[in-house]
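[1] any chance you can model this:
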Amino acid sequence: PQYGPPGTVVAVYGTNLASSGMVWCRFGSRISPALDIVNASCIKCVAPFDRRHLDKEPVALAVSSNAIHFPAEPHAVFAYGAAASIISFDPDVVDSSRTNVTISINGTDLGAFLESD
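    Now for the predicted structure:
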């Protein structure tokens, strides 16, 4: 996701992301080791806690193989914010034989799950 609380697992996609056995992720100025190297084009990072960015301001997300040299242009941006919380959904039961069912979800901080055109 592009938005979430500290501790959110973020998948980063690109090319040659895992050119060495260790990969580092930088969220703003905070650097931490990658959680998982899925393959050369996908790694997973954990958004570290950073009190300065809890106001949902986006931070640059970049990847490095040595924790020193990061690209000038970030791979993506990530915005810190509250964790999503589901309050209700409707319908609450769906017959398994039905297809193409629309389910309405009511909750807080669901912005990361909205589709954008």
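[2] where are the low-confidence patches of this protein?
    52-56, 111-117 (pLDDT under 70).
[3] where do the strands of the chain begin and end?
    3-4, 9-13, 24-27, 30-33, 36-39, 42-46, 58-64, 76-80, 85-90, 104-108 (DSSP state E).
[4] contacts for stretch 15-31?
    Contacts to stretch 15-31, defined as Cβ atoms under 8 Å, 6 or more residues apart in numbering, come from residues 10, 12, 32-34, 37, 39-43, 45-48, 50, 52-53, 59-67, 70, 78. C-beta coordinates here come from the backbone N, C-alpha and C atoms, glycine included.
[5] need phi/psi at the residue in the chain sticking out farthest from the centre.
    The centre of the chain is farthest from one residue, Ser97, which by Cα atoms, centre = their mean lies 33.5 Å away. Dihedral pair for Ser97: phi -80, psi -10, per degrees, to the nearest 10.
[6] could you flag which of the contacts of stretch 15-31 are buried?
    10, 12, 34, 43, 45-48, 53, 59-65, 70, 78 (16 or more other Cβ atoms under 10 Å).
[7] ok, the residue farthest from the centre of the chain to Pro71 distance?
    50 Å (Cβ to Cβ, to the nearest Å).
[8] same check on Ala82?
    30 Å.
[9] how about Asp36?
    21 Å.
[10] so how far is Asp109 from Ser85?
    6 Å.
[11] report the beta-bridge partners for Thr108.
    Taking DSSP bridges, one obtains Ser85 as the residues bridged to Thr108.
[12] doesn't Ala83 make contact with it?
    No. Between Thr108 and Ala83 there is no contact under Cβ atoms under 8 Å: 9.1 Å.
[13] buried residues in stretch 77-92?
    Quick answer for stretch 77-92 (16+ other Cβ under 10 Å): Phe78, Ala79, Tyr80, Gly81, Ala84.
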